[in-house]
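[1] sequence first, predicted model second:
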Amino acid sequence: MSASIRGAVTAAENSRECILESSRELIKSIIEKNSLKIDDIVSIVFTATRDLDKAYPAVAARQLGITEAALMCVQEMYVEGSLEMCIRVMVTVDNGIKQKDAKHVYLGGAKVLRPDIN
């Protein structure tokens, strides 16, 4: 059984270090809150707003040892007035978790995206 876990985080600035640090924090939190093992992760799709262009967020996943999962980074669709400096993820896992039991994670300024969760 597979599930998709969503999450987002904002970066403090457009720097390689900040993008990777924010991405690692988000991925670690998703893993922890959902009691995942790295082998449970099938794929991760990352999006970043157009103002974040100094690093691929997927590099953070590789730094955490996620080497077998498929990773992809794409630019988030621009919508006027939308949240800036934001990295979003969709983590697909195969570990028996039911979709309704997935714990989605929104950190920092991205908490405004899902006030129903935070």
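    Structure received.
[2] I'd guess Val9 is in a helix, am I close?
    No: counting by DSSP: H, G, I helix; E, B strand; the rest coil, Val9 falls outside a helix, being strand.
[3] measure it to Glu68 for me?
    Val9 sits at a distance of 23 Å from Glu68 (criterion: Cβ to Cβ, to the nearest Å). Using the backbone N, CA and C atoms, a C-beta is placed for each residue, glycine as well.
[4] who's more crowded, those two?
    Neighbours were tallied for Val9 and for Glu68 using other Cβ atoms under 10 Å; the higher tally belongs to Val9 (26 against 9).
[5] doesn't Leu20 make contact with the more buried one?
    No: the pair Val9 / Leu20 is not scored as a contact, 11.5 Å apart, by Cβ atoms under 8 Å.
[6] phi and psi next, for Lys111.
    Lys111 has phi and psi values of phi -60, psi -30 when expressed as degrees, to the nearest 10.
[7] if you could redo that for Gly81, that was the one I meant.
    phi 80, psi 0.
[8] with Ser15 instead?
    Here the main-chain torsion angles of Ser15 (degrees, to the nearest 10) amount to phi -140, psi 150.
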